[in-house]
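Engineer: sequence and predicted structure below; questions after.
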Amino acid sequence: MVPGDVLASRYVLEARLGRGGMGEVWRAKRLETRERVAVKFLRDDLAADVASQKRFLREARAASAVRHPNVVEMYDVLENEGTPFLVMELLAGETLGNRLRRKGSLSPAETAAILLPVFDAVEAAHAAGIVHRDLKPENIFLARDGDAVRVRVLDFGIAKQMEKLSTPMMGEVGATTAPVGTTGAMIGTPYYMAPEQALGERDVDGRADLWSLGVILYECLSGKRPTEAATLGGVLKIIVTDGMVPLGELMPDLDPHLADEVMDLLRSDREMRASSLGALRTSLQQQQPESALLDLPYDEAAPRSVRLAALEGPRRRLWPFAAVLATAGILLGVLRGGGTATLESASRGSDQHVAQVK
């Protein structure tokens, strides 16, 4: 692909925004309307891989199934000379991950202003039968919308279609699709991954997304991830043994109801975990989110923090899952055999590339 190439007689490529472990994203222009969009391709060496194609198309189906102002919009799923590509809205702004790197932590009001729209998006996804499974700060985007900022949830690349839902927030056991990879695979980003997801259980439902939101809220309010550890085994041990420092102990001045409700999302036993966001929503609304100015830095002031969203996070590493559990020293009998853990290095050091793709 080179600038000037025309795709499916509809879009002309302008510039490549980024390339990652699984694909690349270009800025393009729709020929009929002159509107600029993001076009996403599989990498050439993965275009013929059936599993990669399935994941690629699943992202399109999942994102298209969730029509919501706070979910990135999918315009088209097309082919060009036999290669599928996705056409999505082009966003400018920054991820929540970058905002946390800039600011360290956020006030309760700013946290509420960002996360309440995410709650709406996640509830809409669950109502449509979609579990995101990879909610994290890098997949929450603060996009410029004229003079305002609109929050968008990105990257449905590992989303799971549930067969049916008993409530908008909690799915029943059983799904029409299994996780990507072999049986017992661990899919997602470990710091934000629910215990049942980390252990490769096949009946992951909407409560896994609620866990991830709990970790994100904890991090926004305190500036610390509750699952932080020096090794992957240490992260997993915290996740499955309720080993987190209670948010109220870490932040004694925080509204105790808000602190307790965040921790209710972080119970390792999902039967004991909060199954809806109702109480937490009420507490966040009491933090006066309308008073929080969601400013975005200008390019001149922070040239690497304002980016065009390529709608996916940093590159991931593959680790043998059995070795991970052995390192953690926990629950070796839960999963038998091999399997693959798809993991991400989520350090809060230097910024990512202008356009991030897997």
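Structural biologist: Looks like it arrived, so ask away.
Engineer: my read: Phe141 touches Thr95, true?
Structural biologist: Yes - here Phe141 reaches Thr95: they are 5.5 Å apart, a contact under Cβ atoms under 8 Å. To be clear about C-beta, it is placed using only N, CA and C from the backbone, and glycine gets the same treatment.
Engineer: for the residue nearest to Glu290 when sequence neighbours are not counted, give its distance to His126.
Structural biologist: For Glu290, the nearest residue in space outside its immediate sequence neighbours is Ala113; the separation is 7.5 Å by Cβ to Cβ, 6 or more residues apart in numbering. Using Cβ to Cβ, to the nearest Å, we find Ala113 at a distance of 22 Å from His126.
Engineer: repeat that for Asp253.
Structural biologist: Distance, Asp253 to His126, using Cβ to Cβ: 33 Å.
Engineer: one step back: what's the first helix or strand after the helix or strand where the residue nearest to Glu290 lies?
Structural biologist: Here Ala113 is covered by helix 108-127, with elements defined by DSSP states H and E. Past helix 108-127, further along toward the C-terminus, the next helix or strand under DSSP H and E is strand 130-131.
Engineer: circling back: you'd agree the residue nearest to Glu290 is up against Gln285?
Structural biologist: No - under the criterion of Cβ under 8 Å, Ala113 lies out of contact with Gln285, with a separation of 10.5 Å.
Engineer: so these two - more neighbours on which side?
Structural biologist: Between Ala113 and Gln285, counted using other Cβ atoms under 10 Å, Ala113 has the larger neighbour count: 23 against 12.
Engineer: so what's the residue nearest to Tyr11 when sequence neighbours are not counted up against?
Structural biologist: Among residues not flanking Tyr11 along the chain, Ala28 sits closest, at 4.4 Å (Cβ to Cβ, 6+ apart). Contacts for Ala28 were tallied using Cβ atoms under 8 Å, 6 or more residues apart in numbering; they are Leu7, Tyr11, Val12, Leu13, Glu14, Arg36, Val37, Ala38, Val39, Val87.
Engineer: make JSON lines from those and add distance to Ala198 and secondary structure to it.
Structural biologist: Supplementary listing: the contacts of Ala28 in JSON lines, determined by distance: Cβ to Cβ, whole Å; DSSP: H, G, I helix; E, B strand; the rest coil:
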{"residue": "Leu7", "distance to Ala198": "39", "secondary structure": "strand"}
{"residue": "Tyr11", "distance to Ala198": "39", "secondary structure": "strand"}
{"residue": "Val12", "distance to Ala198": "43", "secondary structure": "strand"}
{"residue": "Leu13", "distance to Ala198": "39", "secondary structure": "strand"}
{"residue": "Glu14", "distance to Ala198": "40", "secondary structure": "strand"}
{"residue": "Arg36", "distance to Ala198": "39", "secondary structure": "strand"}
{"residue": "Val37", "distance to Ala198": "36", "secondary structure": "strand"}
{"residue": "Ala38", "distance to Ala198": "31", "secondary structure": "strand"}
{"residue": "Val39", "distance to Ala198": "34", "secondary structure": "strand"}
{"residue": "Val87", "distance to Ala198": "34", "secondary structure": "strand"}
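Engineer: closest to Val153 among those?
Structural biologist: Relative to Val153, the closest of those is Ala38; by Cβ to Cβ it sits at 15.4 Å.
Engineer: mind listing what's buried in the helix holding Ala113?
Structural biologist: Of the residues in helix 108-127, those buried under the neighbour-count criterion (16 or more other Cβ atoms under 10 Å) are 108-126.
Engineer: same question, stretch 53-70
Structural biologist: Residues of stretch 53-70 classed as buried under the neighbour-count rule (16+ other Cβ under 10 Å) are Arg55, Phe56, Arg58, Glu59, Ala60, Ala62, Ala63, Ser64, Ala65, Val66, His68, Asn70.
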